[in-house]
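1. After the sequence you'll find the predicted model.
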Amino acid sequence: MTIEAVSYASGSSGNPYLGRISLSLYADERFAASYAHRDLTSQWEGQLVTGTFAKACEALSSAGLPNLQPIVELAPGQDPLELGWVRSGAWERGETLDRNTFWKIRVLASTILATLEANLARMPPGENTPVLNYHRVETNDPP
């Protein structure tokens with residue numbers, strides 16, 4: 001079975017400090033990212049270096065996706081790391097509180113997000129961005 005897309009999301013748009021970050025990577029090396037904080041939303045689309053999608057699939061697979069243990073209970077204000085991939089046209093998704101197991105996909109996401117906007121992520125030491133080009137997508141947010 002071929003993986004067609006992967007997703008990574010973290011946070012909540014209502015979080016007063018961090019907001020919500022979402023990132024989707026596609027087999028043709030395209031990506032879509034968004035950042036939502038309270039009433040504001042920013043969105044980007046772009047192209048990645050060849051091999052980035054395979055790297056993302058390996059990062060998720062080596063950490064155990066799609067076989068994630070269900071989260072029994074969340075503490076107030078706690079947001080899980082949401083992960084997923086499209087296989088045979090259907091999404092397989094999971095959530096985890098164990099961010100350490102998924103460090104590879106978190107590093108890869110940071111290399112993309114840090115390029116889009118400095119407050120989204122920090123570029124991990126020794127890493128380079130796989131982003132070839134990107135553009136901001138217009139939204140209908142209030143000024």
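-> Looks like it arrived, so ask away. Because the structure is predicted, anything quoted here is derived from the model rather than measured. Numbering: from 1, shown residues only.
2. So which helix or strand of the protein has the lowest pLDDT on average?
-> strand 90-96 (a mean of 83; mean pLDDT, DSSP states H and E).
3. quick one: strands adjacent to it?
-> Strands adjacent to strand 90-96 in the sheet, as given by DSSP bridges, are strand 81-87 (antiparallel).
4. sorry, back to before: for the least confident helix or strand of the chain, C-alpha coordinates in CSV please.
-> The C-alpha trace of strand 90-96 is given here as CSV (Å, rounded to 0.1, in the frame of the first residue of the first chain):
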residue,chain,number,x,y,z
ALA,A,90,-8.4,6.8,3.6
TRP,A,91,-7.0,8.7,6.5
GLU,A,92,-5.5,6.8,9.4
ARG,A,93,-5.1,9.1,12.4
GLY,A,94,-3.9,8.9,16.0
GLU,A,95,-3.0,11.1,18.9
THR,A,96,-0.2,10.8,21.4
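5. helices or strands next to the very next helix or strand once past that strand in the packing?
-> Reading on from strand 90-96 to the C-terminus, the next helix or strand found by DSSP states H and E is helix 103-116. Counting contacts by 3 or more Cβ pairs under 8 Å, 6 or more residues apart in numbering; DSSP states H and E, helix 103-116 is packed against strand 3-11, strand 20-26, strand 30-37, helix 52-62, strand 131-137. For every residue, glycine as well, the C-beta is placed using N, CA and C.
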